[in-house]
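*Asks:* 3D model of this:
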Amino acid sequence: MFKDRSPKGNRNSIRRSRAQRREMSLPEVLLWQALRTRPEHLKFPRQHPSGEYSLDFYCGDAALAIEVDGEAHSRGDRPARDERRDAWLAERGIETLRVPASVVLRDPVAAADAVVAVAVARLPLHHPAARGGPPPRDELGEDRGR
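*Replies:* As a prediction, this is how the structure comes out:
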């Protein structure tokens, strides 16, 4: 299996992530409904703790953090905080994809498709879901039980 590149969360971010799973915004819920089906066989855990942060969604195989940004992300000190967080994640090889909440509200399926397309484009070539990568084991005729 592929190693999750996301640093482990600290106690505070783990606690905060658990609470945020129960208090997701409407755009996050709509996007989660599409991503929870594991499109392209990719996992997108919600409210994923990473360091001192809690990521809205995270695709470990693609090292991709997905943030659903509402209007509040353009006010006050939020842009600077988001920039620091994105830089911290980038230092660890994790790209941040920011999806405006208005886009998710307008067409959740299209927003999820766009997120999955970015994730698939970031996959390593040896990943079964990568374009041009190897076919899944069951298509190779390999017996999984051995």
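*Asks:* How about the contacts made by L31?
*Replies:* F57, I66, V68, V99, V104, P108, A111, A112, V115 (Cβ atoms under 8 Å, 6 or more residues apart in numbering). Placement of C-beta: from N, CA and C, glycine included.
*Asks:* go with 6 Å
*Replies:* Contact analysis of L31 by Cβ atoms under 6 Å, 6 or more residues apart in numbering lists V104, A112.
*Asks:* Can we start the residue count at 35 from this point?
*Replies:* Sure thing, new numbering starts at 35, so read that last one as L65.
*Asks:* Look at T71 and tell me its secondary structure.
*Replies:* Three-state call for T71 (DSSP: H, G, I helix; E, B strand; the rest coil): coil.
*Asks:* count of residues packed around it?
*Replies:* The tally of other residues near T71 (other Cβ atoms under 10 Å) stands at 9.
*Asks:* A146 versus that one, what's the distance?
*Replies:* Computed as Cβ to Cβ, to the nearest Å, the T71 to A146 distance reads 9 Å.
*Asks:* repeat for L64
*Replies:* Counting by Cβ to Cβ - L64 and A146 are separated by 9 Å.
*Asks:* neighbour count winner among those two?
*Replies:* Taking other Cβ under 10 Å, L64 and A146 do not tie; A146 has more neighbours (24 against 20).
*Asks:* Assumed that one was part of a helix.
*Replies:* Yes - judged by three-state DSSP, A146 forms part of a helix.
*Asks:* and M58, that's in a helix?
*Replies:* No - using three-state DSSP, the secondary structure at M58 is coil, not a helix.
*Asks:* For it, the count of nearby residues, please.
*Replies:* Counted with other Cβ under 10 Å, the neighbours of M58 add up to 16.
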